[in-house]
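J.: Predicted structure and sequence below. I'll ask about it afterward.
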Amino acid sequence: MLWHIGNTTVRTPYRLRLALIALSQSKLRGNLKGKKQEGEFAELLRDNDVLNIKRDSGFEDLGRKWRSALSQLGFIKHPKAIIDSNGADQNLEYDITQNGYRMIRAEEVAAQQECFLRSLVSYRVPSKAETTYKCDQFSPLRFVLDILVRLESLSEGKISFEEMGNFVLRSTPKDDIDSIVSGIISFREDKDKAVSKKVFSRNYLSALLQKEYPRASQKILNTKKHTIRDYSDVNFRYLKSTGLFVSKGNGIAISPQKKDLVSDILKTPFVAIDNDQYFTELWHGAKLPTDNVPFAKKTVQTLQEELKKRGMLIRKKSLVSLGIDELNSLRYGLETELSQIDEEEYAREQSSKWGEIIEYMEDLQKARPQLIPAGDAPIYLEWVIWRAFLAINSLVNKPWESRLFKMDQDFLPVSNAPAGKPDLVFEFDDFVLVVEVTLSASSRQEAMEGEPVRRHIADITEKYQDKEVFGLFIARTVDSNTAETLRMGTWYKKDDTKIALRIVPVRLDLFCQLLRKRSSSKKKLKPDEIKALLMRCLMDSNSDAPTWKAKIDKLVST
């Protein structure tokens with residue numbers, strides 16, 4: 001048996017929140033049963049930039065899979081729930097649950113992670129919602145935490161991507177934690193001794209598959225290898241979405257800041273629960289140690305001490321009279337402060353990460369990116385351009401002030417900048433640069449980007465009265481209709497007064513080429529050179545759009 005959390009179609013957990021927001025504002029809330037509604041749900045997700053659909057019709061399967069992902073995690077009600085004898089919970093099938101609404105209200109990543117944690121503390125395999133598994137009921141989250149805690153006491157406290165596939169998702173607690181951990185440690189030792197680690201890994205997995213499927217054809221073996229990779233990937237993503245884990249090499253480990261929380265979660269003995277109780281707990285979201293006043297106070301005090309160690313002046317507030325809501329609000333604030341300290345360090349490191357930044361930028365230009373999770377290219381485009389400007393290392397504004405997309409505890413992007421706001425805003429000593437990015441192409445690009453890009457840059461131009469403001473539009477390809485709209489460089493306010501805009505459209509490959517050339521030379525790229533380049537490009541903006549694009553290409557590439 002191979003198990004996994006959720007489903008492999010929706011691999012970016014944080015998108016579930018965007019789906020919930022769209023659902024909550026539509027006529028489909030509590031009305032997702034049937035092919036017609038499934039198709040309409042997929043269209044709703046597409047229209048709200050949650051789901052990228054490349055087909056012209058036949059979306060029902062996509063709507064069904066997203067509906068399944070939301071119900072499996074308890075964010076909408078599962079139709080297999082049993083109604084109690086008092087007639088409670090007779091709400092519509094697939095209506096949004098209490099934990100679903102909690103997720104909708106969660107603006108910050110830390111608050112969203114708490115919603116995922118409440119879900120996965122409750123989540124069981126098998127259940128009436130997960131009937132494909134034939135084993136005793138267990139908690140995948142608790143199972144992985146138990147393995148990691150045991151590994152920490154005997155070896156390196158992490159589970160690699162390969163170990164997740166070879167051992168963890170092929171096992172359950174009934175297989176005995178010590179036996180699983182012993183197998184992982186032996187695997188590590190044998191791999192370290194191998195002449196070729198890649199060959200060893202490939203042969204090890206093939207041997208496992210042949211043992212389980214002795215009469216399987218090569219085609220079936222390849223399918224099973226692919227399945228194991230998919231299951232490992234989705235498990236890593238959903239486990240990390242709880243905030244309890246951090247990346248460690250090519251694996252995951254328990255976050256040092258969350259070890260007390262993990263310890264408290266594991267103190268509660270595991271109990272199998274029946275379907276009535278399961279759905280009730282899943283829909284409401286499990287109670288957490290941080291819902292308890294003494295534990296919440298202890299957590300706040302630990303965070304205060306950590307900030308003090310980092311050199312921050314802490315005005316300690318008396319916690320004696322604070323209730324749980326006030327304590328958790330204080331905790332969120334302290335966690336944000338710690339995160340910002342870490343982000344400033346991350347920003348400083350980027351000047352030595354040009355090779356990695358360019359590698360991601362080049363990957364985004366491929367039809368099938370290798371480094372970027374499937375479906376996440378738009379998010380990663382904002383992230384990698386942000387990193388490039390951090391690497392120039394001359395920002396006046398703070399790193400978190402220059403971006404509106406959200407990141408997780410490993411500084412990886414989890415959601416785009418919200419609609420109605422610019423993607424990136426970089427303030428330098430004598431000018432401000434507003435950067436808008438897109439993967440859209442053809443004439444649809446102008447329809448999607450022409451008005452929002454100009455509006456966002458106009459808003460920032462009004463905000464910074466004492467500094468020049470420039471706009472930089474970066475796309476894989478720049479459609480001539482988009483270039484024509486940006487070339488005009490005007491925006492009218494409600495009172496019909498005109499704002500003059502200075503916007504330059506640049507192809508992603510040429511921007512990448514510029515960075516590659518300068519990062520490999522002794523003379524690093526400076527903000528004043530970026531400004532001078534933009535000014536030169538704008539000098540030719542009176543040409544027609546195709547001619548202007550050609551001149552920009554030449555200026556950026558030389």
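T.: The structure has been received and is ready for your questions.
J.: where in this structure is pLDDT low?
T.: 82-92, 212-223 (pLDDT under 70).
J.: Spatially central residue in the chain, please.
T.: residue 414 (2.1 Å; Cα atoms, centre = their mean).
J.: Show me how the record splits this structure into domains.
T.: Listed domain ranges for the chain are 1-116, 138-271, 292-345, 353-557 (source: automatic domain parsing).
J.: residue ranges for the strands of the stretch 351-500 of the chain, please.
T.: 406-407, 413-415, 424-427, 431-438, 468-475, 490-492, 498-500 (DSSP state E, counting those that start in this stretch).
J.: Which neighbours in the sheet does the first one have, and how are they oriented?
T.: Okay, so that is strand 406-407. Here strand 406-407 is paired, per DSSP bridges, with strand 413-415 (antiparallel).
J.: ok, back up a step: could you dump the strands of the stretch 351-500 of the chain to a markdown table with distance to residue 13?
T.: (Glycine included, C-beta is placed from N, CA and C.) Shown next, in a markdown table, are those (distance: least, Cβ to Cβ, whole Å):
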| stretch | distance to residue 13 |
| --- | --- |
| strand 406-407 | 12 |
| strand 413-415 | 8 |
| strand 424-427 | 24 |
| strand 431-438 | 23 |
| strand 468-475 | 27 |
| strand 490-492 | 37 |
| strand 498-500 | 40 |
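J.: and of the ones you listed, who's closest to residue 38?
T.: strand 413-415 (24.2 Å; Cβ to Cβ).
J.: Contacts for that closest one, please.
T.: The contact list for strand 413-415 (Cβ atoms under 8 Å, 6 or more residues apart in numbering) reads 12, 14-15, 17-18, 109, 376, 379-380, 382-383, 405-408.
J.: now stretch 471-482
T.: 364-365, 381, 385, 433-443, 445-446, 449-450, 453, 457, 486, 501-509, 511, 534, 545-546, 549.
J.: before we move on, back to that, look at the closest residue to the residue nearest to the centre of the chain other than its chain neighbours and say how many residues are nearby.
T.: Nearest non-adjacent residue to residue 414, counting by Cβ to Cβ, 6 or more residues apart in numbering: residue 14, 4.0 Å away. Using other Cβ atoms under 10 Å, residue 14 has 20 other residues around it.
J.: residue contacts, residue 14?
T.: 109, 112, 241, 406, 414, 415.
J.: wait, which of the residues you listed is closest to residue 30?
T.: The closest of the contacts of residue 14, once distances to residue 30 are taken by Cβ to Cβ, is residue 112, at 22.7 Å.
J.: picking up where we left off before, so for residue 63, which of the strands of the stretch 351-500 of the chain sits nearest?
T.: Using Cβ to Cβ, the strands of the stretch 351-500 of the chain put strand 413-415 closest to residue 63, at 20.8 Å.
J.: what's the distance between the closest one and the middle of its chain?
T.: 3 Å (Cα atoms, centre = their mean, to the nearest Å).
J.: ok, now stretch 516-534?
T.: On Cα atoms, centre = their mean, the centre of stretch 516-534 falls 30 Å from that of its chain.
J.: Regarding this protein, what is its longest helix?
T.: Ranked by residue count, the top helix of the chain under DSSP state H comes out as helix 324-349.
J.: Flag every buried residue along that one.
T.: 327, 328, 330, 331, 334, 335, 337, 338, 339, 343, 346, 347 (16 or more other Cβ atoms under 10 Å).
J.: cool, and stretch 23-38?
T.: For stretch 23-38, using 16+ other Cβ under 10 Å, the buried residues are 23, 28, 29, 31, 32, 37, 38.
J.: so which two of those are the farthest from each other?
T.: The farthest-apart pair in the buried residues of stretch 23-38, when distances are taken by Cβ to Cβ, is 29 and 38, at 14.4 Å.
J.: Output stretch 9-23 as PDB, restricted to C-alpha atoms.
T.: The C-alpha trace of stretch 9-23 is given here as PDB (Å, rounded to 0.1, in the frame of the first residue of the first chain):
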ATOM      1  CA  THR A   9      -3.900  17.100  -8.700                       C
ATOM      2  CA  VAL A  10      -3.800  20.000  -6.200                       C
ATOM      3  CA  ARG A  11      -0.200  20.100  -5.200                       C
ATOM      4  CA  THR A  12       0.100  23.700  -3.900                       C
ATOM      5  CA  PRO A  13      -1.800  23.700  -0.700                       C
ATOM      6  CA  TYR A  14      -2.000  27.500  -0.400                       C
ATOM      7  CA  ARG A  15      -4.100  27.700  -3.600                       C
ATOM      8  CA  LEU A  16      -6.900  26.000  -1.600                       C
ATOM      9  CA  ARG A  17      -7.400  29.300   0.200                       C
ATOM     10  CA  LEU A  18      -7.900  31.100  -3.100                       C
ATOM     11  CA  ALA A  19     -10.300  28.500  -4.200                       C
ATOM     12  CA  LEU A  20     -12.300  28.900  -1.000                       C
ATOM     13  CA  ILE A  21     -12.400  32.700  -1.400                       C
ATOM     14  CA  ALA A  22     -13.800  32.300  -4.900                       C
ATOM     15  CA  LEU A  23     -16.300  29.700  -3.800                       C
END
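J.: give me the element residue 506 is part of.
T.: Assigned by DSSP states H and E, residue 506 belongs to strand 503-507.
J.: name the element residue 45 belongs to?
T.: Using DSSP H and E, residue 45 falls in helix 35-47.
J.: Beyond that helix, next helix or strand please.
T.: Using DSSP H and E, the next helix or strand after helix 35-47 towards the C-terminus is helix 60-72.
J.: And the contacts of the next helix or strand after that following helix?
T.: Where DSSP H and E defines the elements, the next helix or strand beyond helix 60-72 is helix 98-105. Helix 98-105 has contacts (Cβ under 8 Å, 6+ apart) with 16-17, 20-21, 24, 70, 74-76, 96, 111-112, 115, 118-119, 282-285.
J.: Pull out the buried residues from helix 98-105.
T.: 99, 100, 102, 103, 104.
J.: Mind checking what helix or strand follows that helix in sequence?
T.: Toward the C-terminus, helix 98-105 is succeeded by helix 109-122 as the next helix or strand (DSSP H and E).
J.: Just the CA atoms of that following helix, as CSV, please.
T.: C-alpha atoms of helix 109-122 as CSV (Å, rounded to 0.1, in the frame of the first residue of the first chain):
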residue,chain,number,x,y,z
VAL,A,109,1.0,32.6,5.9
ALA,A,110,1.5,31.8,9.6
ALA,A,111,-2.3,31.9,10.1
GLN,A,112,-2.9,29.8,7.0
GLN,A,113,-0.4,27.3,8.2
GLU,A,114,-2.3,27.0,11.5
CYS,A,115,-5.4,26.1,9.5
PHE,A,116,-3.5,23.4,7.6
LEU,A,117,-2.2,22.2,11.0
ARG,A,118,-5.7,22.0,12.4
SER,A,119,-6.7,20.0,9.4
LEU,A,120,-3.8,17.5,9.4
VAL,A,121,-3.9,16.9,13.1
SER,A,122,-7.4,15.6,12.5
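J.: That one - contacts with which helices or strands?
T.: helix 98-105, helix 140-154, helix 218-240, helix 275-284, helix 324-349 (3 or more Cβ pairs under 8 Å, 6 or more residues apart in numbering; DSSP states H and E).
J.: buried stuff in that helix?
T.: Across helix 109-122, burial judged by 16+ other Cβ under 10 Å covers 109-122.
J.: Other residues contacting it?
T.: With Cβ under 8 Å, 6+ apart, helix 109-122 has contacts from 5, 13-14, 17, 73-75, 99, 102-103, 105-106, 139-142, 238-239, 241-244, 265, 278, 281-282, 285-288, 290, 332, 335-336, 339, 406-408, 414.
J.: Any of these buried? List them.
T.: Neighbour-count burial (16+ other Cβ under 10 Å) applied to those gives 5, 13-14, 17, 73-75, 99, 102-103, 106, 139-142, 238-239, 241-244, 265, 278, 281-282, 285-286, 288, 290, 335, 339, 406-408, 414.
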